[in-house]
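S.K.: Let me see the structure of the following:
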Amino acid sequence: MIDLKRKDLLFPELSFQIIGCAFEVHNALGFGFKENIYQKALALSFKDKLLEFIEQLTYQIKFKDEILSTRRFDFVVEDKIVIEIKRDDKFSKANIDQTIDYLKTANLTLGILINFGREGVVYRRLNNI
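M.R.: Numbers count the residues shown, from 1 in each chain. Below is the predicted model of the structure:
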């Protein structure tokens with residue numbers, strides 16, 4: 001028997017659930033809403049799947065006890081994966097850089113950037129290894 005599971009993917013089962021929630025939201029709502037609508041719907045889908053998450057989590061970046069900046073993440077799921085959502089048909093370099101910045105800020109290894117576009121959901125897994 002051949003094992004078809006990839007060994008190099010971080011959190012494959014949890015990622016699959018998260019992406020499934022994104023498709024559920026897009027299938028129900030379609031394209032054209034603002035990001036906050038998709039975020040609220042995604043939170044409801046996460047709750048239905050019994051996923052633990054924090055929404056609109058704020059992190060502070062400090063140096064020598066001084067706050068240099070803050071970051072606000074759309075979601076952190078199961079204390080493992082940063083989720084950043086967008087409403088567009090493609091990812092920009094700024095979207096990718098933003099998600100990687102969030103991963104470094106939170107010291108997490110996996111981020112999923114999700115676009116709710118005209119043609120459907122497009123996602124990209126980003127690693128901070």
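S.K.: Any idea what the residue nearest the centre of the chain is bridged to?
M.R.: By Cα atoms, centre = their mean, the mean C-alpha position of the chain lies nearest to I83, the distance being 1.4 Å. On the basis of DSSP bridges, I83 is bridged to F75, I112.
S.K.: tell me the mean pLDDT for the longest helix seen in the chain?
M.R.: For the chain, the longest helix by residue count, based on DSSP state H, is helix 12-29. Regarding helix 12-29, the rounded mean pLDDT is 97.
S.K.: Remind me what that helix packs against, helices and strands.
M.R.: helix 35-48, strand 81-86, strand 110-117, strand 120-127 (3 or more Cβ pairs under 8 Å, 6 or more residues apart in numbering; DSSP states H and E). For glycine as for every other residue, the C-beta is placed from the backbone atoms N, C-alpha and C.
S.K.: Would you mind getting the angle between the third one and helix 12-29?
M.R.: Translated: strand 110-117. 20 degrees (axes from the mean of the first three to the mean of the last three Cα atoms, to 10 degrees).
S.K.: CA atoms only for strand 110-117, dumped as CSV, please.
M.R.: What follows is strand 110-117, C-alpha atoms only, in CSV (Å, rounded to 0.1, in the frame of the first residue of the first chain):
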residue,chain,number,x,y,z
LEU,A,110,2.4,28.2,9.6
GLY,A,111,0.2,30.9,8.1
ILE,A,112,-2.6,30.5,5.6
LEU,A,113,-3.4,33.5,3.4
ILE,A,114,-7.0,33.2,2.0
ASN,A,115,-8.5,35.2,-0.8
PHE,A,116,-12.2,35.3,-1.3
GLY,A,117,-12.2,36.1,-5.1
